[in-house]
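In: Build the 3D model from these lines:
(one chain, ligands or ions: 1)
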Amino acid sequence: MRVPTMLAGVLVLLMSMVADVLAAADVRSVRLWRAPDNTRLVFDLTGPVKHNMFTLTAPERLVIDVQGAQMTTPLEQLSFDNTPITALRSAQRSANELRMVIDLGAAVSAKSFSLPPNQQYGHRLVVDLYDKGAAPPVPATQATAPAQPVLTLPPVTSAKRDVLIAIDAGHGGEDPGALGPKGLKEKDVVLAISKELQRLINAEKGYKAQLVRTGDYFIPLRKRTEIARKMGADLFISIHADAAPRTAAFGASVFALSDRGATSETARWLADSENRSDLIGGDGGVSLDDKNPMLAGVLLDLSMTATLSSSLDVGQKVLGHMGRITSLHKKRVEQAGFMVLKSPDIPSILVETGFITNPAEASKLQSKRHQQALASSIHSGVRQFFQQSPPPGTYLAWLRDSKQSTQLAQIAQGPRTHVVSAGENLLKISQQYGVSLASLRSANRLRGDTIKVGQTLSIPATTLAIQP
Ligand SMILES: [Zn+2]
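Out: This next block holds a predicted model:
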């Protein structure tokens, strides 16, 4: 049934007036997440609200007045362990105003903002409490801090350092990521795989892995790349599980950043849905490169081209190993505009470990055995990449160089003899000792290339022809 436009307008106006008069929004649940340096409180609301927050001292407390709201959930069962919060109280100041008081055991700097509904949650009021010493992020519009360094040089050190890998378990906290059947959450699956991958990497000499997210809390996407940069990471791996409207979709995929647009429509859609979670950060979603002046853009371009080629290389190796233990969604590394892959100087890949929306794949993703197999295959790809391209100054680079010089040293030797065994020929023997066929012939006064099993050949002395 169609309502005439004017009447509809009047209805909307009337309804919004009613909303202003009555306490229209209920606070129907409160959730709490503890990160290493901050505490996040999320108030789930049945509608949008206006709020005002201020602090009071002696004793320290935070007051939040919410217009047009009432508390409909008990607050007693919240646990404030390991947080600066000692209690959370609420009182109805009037029919139209809810006051919430957060009692604090230590001073904090606080930030609050509202979030509109998304696929998983309705209207929310978010309060972030930053521990003393941990500064809240500067809003993008007021950013006065100098731009990030465009290129980070590896630390100059004579010690043989470890290759450092940042493992980023996607989502976390009130951002569950994709949802599978029976309430399986992407954030839990990917954290388990990430921890297993970290364990495998740390067990190997010359490597060190650190988790970007160590528990169940949310980190904005840009902050994740900043954490990797502060670590001095040589590689950034973001671990995710896919979602698709079609539950039949299955298989793992690996992404690198797109240089121009996404390689497929799926990739674009996926990048949009993964990037959407950055809104939860509440600070406008400014991308890394927006901060840099135009001039730096040229340098960034150069750096990004080299970085992207490494990302594609490591991505293809990881995909190759994953293909041995699980189905692949795409056989080649895809490219898309994922926010977390935008570090200009750290090779970065995003691994979609499988479709959590596919019931069969979801139950595999949930199993410890499959999580271990996934972590192990990602590890194999990473190891293959770094063995081939070890960053300068690392133990792995030293190992590769010393192996090469050992091989060269073996080649550079004085005259020796060789007893011919079955299946050998002159060419093969010359190659084995790194001497020319001609010099081998002349050292043994051979006219042709015919040799006999058991024959003793003189091998001429060799010198180093190549720089070690
Ligand atoms: Zn994800």
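In: which SSE is residue 430 in?
Out: helix 426-433 (DSSP states H and E).
In: correction: residue 439
Out: Element membership of residue 439, judged by DSSP H and E, is helix 437-443.
In: how distant is that helix from the center of its chain?
Out: 57 Å (Cα atoms, centre = their mean, to the nearest Å).
In: Just the buried positions in the helix or strand that that helix is followed by, please.
Out: Counting by DSSP H and E, the next helix or strand C-terminal to helix 437-443 is strand 456-459. Within strand 456-459, the residues that count as buried by 16 or more other Cβ atoms under 10 Å are 457, 459. (Glycine included, C-beta is placed from N, CA and C.)
In: strand partners of strand 456-459, parallel vs antiparallel please.
Out: Sheet pairing of strand 456-459 (DSSP bridges) gives strand 416-419 (antiparallel).
In: Give me the helices and strands touching the helix holding residue 430, please.
Out: If contacts are counted by 3 or more Cβ pairs under 8 Å, 6 or more residues apart in numbering; DSSP states H and E, helix 426-433 sits against strand 416-419, helix 437-443, strand 456-459.
In: re the thing from before, what is the helix holding residue 439 packed up against?
Out: helix 426-433, strand 456-459.
In: who wins for proximity to the ion among these?
Out: helix 426-433 (50.9 Å; Cβ to the ion).
In: surely residue 132 meets residue 106?
Out: Yes - Residue 132 lies in contact with residue 106 (Cβ atoms under 8 Å); the separation is 6.3 Å.
In: host element of the closest residue in space to residue 75 that isn't next to it in sequence?
Out: Of all residues not flanking residue 75 in the chain, residue 88 sits nearest, at 5.1 Å (Cβ to Cβ, 6 or more residues apart in numbering). Per DSSP H and E, residue 88 falls inside strand 85-94.
In: who touches that strand?
Out: 27, 30, 32, 39, 41, 65, 70-71, 75, 78, 80, 98-105, 129 (Cβ atoms under 8 Å, 6 or more residues apart in numbering).
In: which of those residues count as buried?
Out: 27, 30, 32, 39, 41, 65, 70-71, 80, 98-102, 104, 129.
In: Please list the members of those residues that lie in strands.
Out: Among those, DSSP state E puts 27, 30, 32, 39, 41, 65, 70-71, 98-102, 104, 129 in strands.
In: Closest to the ion out of these?
Out: Using Cβ to the ion, those come closest to the ion at residue 32, 22.5 Å.
In: Which of the helices and strands packed on helix 437-443 has the lowest mean pLDDT?
Out: Mean pLDDT per stretch puts helix 426-433 lowest among the helices and strands packed on helix 437-443, at a mean of 86.
In: and that helix, which residues are buried?
Out: 426, 429-430, 433.
In: if you skip the residues just before and after it, what's nearest to the single nearest residue of the stretch 201-350 of the chain relative to the ion?
Out: Across the stretch 201-350 of the chain, the shortest distance to the ion (Cβ to the ion) belongs to residue 240, at 3.5 Å. Leaving aside its chain neighbours, residue 240 sits nearest to residue 170 (4.3 Å; criterion: Cβ to Cβ, 6+ apart).
In: pretty sure the one you found is in contact with residue 187, am I right?
Out: Yes - counting by Cβ under 8 Å, residue 187 is a contact partner of residue 170 at 7.0 Å.
In: Report the contact partners of residue 190.
Out: 169-171, 177, 239-241, 353.
In: Next, count neighbours for residue 25.
Out: Using other Cβ atoms under 10 Å, residue 25 has 24 other residues around it.
In: what's near enough to touch it?
Out: Here residue 25 is in contact with 45-49, 66, 68-70, 123 (Cβ under 8 Å, 6+ apart).
In: Tell me how far it lies from residue 72.
Out: 10 Å (Cβ to Cβ, to the nearest Å).
In: same question, residue 321
Out: Here residue 321 is placed at a distance of 51 Å from residue 72 (Cβ to Cβ).
In: Neighbour count for these two, which is higher?
Out: residue 321 (18 against 12).
In: average pLDDT for the helix or strand containing the more buried one?
Out: Element membership for residue 321 (DSSP H and E) is helix 294-322. Averaged across helix 294-322, pLDDT comes to 79.
In: Show me which of the buried residues of helix 426-433 is closest to residue 211.
Out: residue 433 (49.6 Å; Cβ to Cβ).
In: Check whether that closest one really touches residue 417, as I assumed.
Out: No - taking contacts as Cβ under 8 Å, residue 433 lies outside contact range of residue 417: 10.7 Å.
In: and for those two, which residues touch both?
Out: residue 459.
In: got the residues of the protein near the ion?
Out: 170, 177, 240 (Cβ under 5 Å from the ion).
In: Same list, those residues, but as CSV with neighbour count and secondary structure please.
Out: Formatted as CSV, these follow (neighbours: other Cβ atoms under 10 Å; DSSP: H, G, I helix; E, B strand; the rest coil):
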residue, neighbour count, secondary structure
170, 29, coil
177, 24, coil
240, 28, strand
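In: So this protein: which segments form each domain?
Out: Structural domains assigned to the chain are 18-133, 161-397, 412-459, following automatic domain parsing.
In: right, and the secondary structure at residue 59 would be what?
Out: coil (DSSP: H, G, I helix; E, B strand; the rest coil).
In: ok now do it, which residues does it touch?
Out: The contact partners of residue 59, taken as Cβ under 8 Å, 6+ apart, are 103-104.
In: ok, 7 Å please
Out: Counting by Cβ atoms under 7 Å, 6 or more residues apart in numbering, residue 59 makes contact with residue 103.
In: quick revisit: residue 274 is nearest to which of the helices and strands packed on helix 437-443?
Out: That would be helix 426-433 among those, by Cβ to Cβ, at 51.1 Å.
In: residues contacting whatever residue of the stretch 51-200 of the chain ends up closest to the ion?
Out: The ion sits closest to residue 170 of the stretch 51-200 of the chain, with a gap of 4.0 Å, by Cβ to the ion. The neighbours of residue 170, taking Cβ under 7 Å, 6+ apart as the test, are 177, 186-187, 190, 238-240.
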